[in-house]
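*Asks:* the sequence isn't on hand, but the structure is:
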Ligand SMILES: Cc1cc2nc3c(=O)[nH]c(=O)nc-3n(C[C@H](O)[C@H](O)[C@H](O)COP(=O)(O)OP(=O)(O)OC[C@H]3O[C@@H](n4cnc5c(N)ncnc54)[C@H](O)[C@@H]3O)c2cc1C
Ligand code: FES
């Protein structure tokens, strides 16, 4: 038995060393020279080979969505690589369906530019821009959530749809030597073209949220690119069901401003989940929306109300509040934002209430 374990350990060790050597050789020895990337059969870029397709495109101002910052853990950076991409990598498989693979869809953050390539990207990505901005407002709205207003300082205007997101860039800072970027939903009204609002939670040890919560102050300069995403308010008459937990509030705020400022009188109900009363925020805004939108109702629910909170509202998860207050009706559209488990259980609940799956839109934040 001991011999078997030793053999397994030796083989694993050799395989690891070989994989490491290949990676080092690829990084330091391989010289792929200049490579051409043909995009949508029209544009052509000449790039230095060896980097990922994602970083080659981004450094040429073609911003592909990449919510996880290129770590291979969000699946947002898909594009078609019709030639020159090499075989599909193990690190891509969990984000590619069979039909993706058949249609040459790849994760651009994993594919390296080693040969000339032909790729296809959605046309709307040519409109994504990089912006320079300065922090105009930074305030704690709960012990772990900050509201930021970023004023655009480079003379550009941002045009987006209510529900879309941007990618905020954090430069190196003490404790983190690399530039990182992450996705944040736009919380402001689409009519505000010169600034954006963001709602950013603190994640212990998280690279970008540590930058925002511990290093970024009013007056500081920042950069972001966008807008991105196919999660946005659809132009229909259907009743709107809004569901969010924590920072998932951000895109819902933008959708509510859209309804109010454009005088869209669709019936809307917002189910918002938090743990305790201290985790509730934007309550003044919600009262304002209830006053100004005749068909709007805000239903907050607390999963762990404290006795001293004297909470009179709903108790439990958002799905409990929905079970109680949401009528079964197939003529509704739902917009959900928050963690994957919350989205998954809410989708199941909405389907039980008769909302067709193709009328349920969501952004998973993790
Ligand atoms: C489309 C989209 C929109 C988003 N909008 C918002 C938004 O409006 N506001 C907002 O605050 N966030 C939003 N996010 C999440 C955001 O992009 C980051 O993932 C999050 O802020 C953590 O980034 P970080 O760099 O601090 O953590 P990282 O350095 O990426 O992660 C550090 C560790 O924390 C874990 N982790 C990451 N996120 C969470 C989390 N939420 N809870 C617990 N653990 C976590 C990671 O798995 C990792 O182990 C959105 C995500 C997507 C995909
Ligand atoms: S950028 Fe997230 S998977 Fe590629």
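*Replies:* That came through, no problem. This one's a predicted model, so the numbers in the text were calculated from it and none came from an experiment. Ligands and ions are numbered 1, 2, ... in the order given.
*Asks:* mind listing what residue 181 touches?
*Replies:* Contacts for residue 181 (C-beta atoms under 8 Å, 6 or more residues apart in numbering) come out as 66, 69, 167, 168, 169, 170, 208, 225. Yep, even glycine has a C-beta here, placed from its N, CA and C like the rest.
*Asks:* what residues does the stretch 201-350 of the chain put near ligand 1?
*Replies:* Within reach of ligand 1 by C-beta under 6 Å from any ligand atom, the stretch 201-350 of the chain has these residues: 201, 203, 205, 206, 207, 208, 209, 247, 250.
*Asks:* among the contacts of residue 181, which are in helices?
*Replies:* Among the contacts of residue 181, the members found in helices (DSSP state H) are residue 208.
*Asks:* sort the contacts of residue 181 by pLDDT and name the bottom one.
*Replies:* Among the contacts of residue 181, residue 69 has the lowest pLDDT, at 87.
*Asks:* for residue 151, grab the count of nearby residues.
*Replies:* Neighbourhood size, residue 151 [other C-beta atoms under 10 Å]: 12.
*Asks:* right, and it touches residue 134 too?
*Replies:* Yes: using C-beta atoms under 8 Å as the test, residue 151 is close enough to residue 134 to be in contact (5.4 Å).
*Asks:* state the distance from residue 304 to residue 273.
*Replies:* Taking C-beta to C-beta, to the nearest Å as the measure, residue 304 falls 11 Å from residue 273.
*Asks:* those two: which has the busier surroundings?
*Replies:* More neighbours surround residue 273 than the other of residue 304 and residue 273, with 27 against 13 (other C-beta under 10 Å).
*Asks:* I figured residue 350 was touching residue 360, is that so?
*Replies:* Yes: if you go by C-beta under 8 Å, residue 350 and residue 360 touch, sitting 5.4 Å apart.
*Asks:* more neighbours: which of these two?
*Replies:* Shown here are residue 350 and residue 360; by other C-beta under 10 Å, residue 350 has more neighbours (24 against 19).
*Asks:* got the contact list for the more buried one?
*Replies:* Residue 350 is in contact with 241, 322, 334, 360, counting by C-beta under 8 Å, 6+ apart.
*Asks:* just the buried residues from these, in ChimeraX please.
*Replies:* Restricted to buried positions by 16 or more other C-beta atoms under 10 Å, the ChimeraX selection for the contacts of residue 350 reads:
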select :241,322,334,360
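*Asks:* among the contacts of residue 350, which ones are in helices?
*Replies:* Per DSSP H, the subset of the contacts of residue 350 in helices is residue 322.
*Asks:* which among the contacts of residue 350 gets closest to ligand 2?
*Replies:* Ligand 2 lies nearest to residue 360 out of the contacts of residue 350, by C-beta to the nearest ligand atom, at 22.8 Å.
*Asks:* hang on, the earlier thing: what touches both of residue 350 and residue 360?
*Replies:* Common contact partners of residue 350 and residue 360 (C-beta under 8 Å, 6+ apart): residue 334.
*Asks:* and the longest strand along the chain, what's its mean pLDDT?
*Replies:* Ranked by residue count under DSSP state E, the longest strand found in the chain is strand 129-142. The pLDDT scores in strand 129-142 average 98.
*Asks:* could you list the buried residues of it?
*Replies:* Judged by neighbour count (16+ other C-beta under 10 Å), strand 129-142 contains these buried residues: 129, 130, 131, 133, 135, 138, 141, 142.
*Asks:* sorry, back to before: next step: the contacts of residue 181 restricted to strands.
*Replies:* Reading strands off those with DSSP E, I get 167, 168, 169, 170, 225.
*Asks:* right, and residue 260 touches residue 292 too?
*Replies:* Yes: counting by C-beta under 8 Å, residue 260 touches residue 292, with 5.3 Å between them.
*Asks:* show me which of these two is the more surrounded one.
*Replies:* Neighbours per residue, other C-beta under 10 Å: of residue 260 and residue 292, the larger number sits with residue 260, 16 against 13.
*Asks:* is that one in a helix, a strand, or coil?
*Replies:* At residue 260 the chain is in helix, as set by DSSP: H, G, I helix; E, B strand; the rest coil.
*Asks:* start the count at 11, not 1, going forward
*Replies:* Noted, 11 is the first residue going forward, which turns the last one into residue 270.
*Asks:* and residue 12, what's its pLDDT?
*Replies:* On pLDDT, residue 12 comes in at 62.
*Asks:* try residue 319
*Replies:* Per-residue confidence (pLDDT) for residue 319: 86.
*Asks:* neighbours around residue 47, how many?
*Replies:* 22.
*Asks:* show residues contacting the host helix or strand of it.
*Replies:* In this assignment (DSSP states H and E), residue 47 forms part of strand 44-49. Outside of strand 44-49, the residues within contact range by C-beta under 8 Å, 6+ apart are 54-59, 63, 66-67, 72, 94, 123-131.
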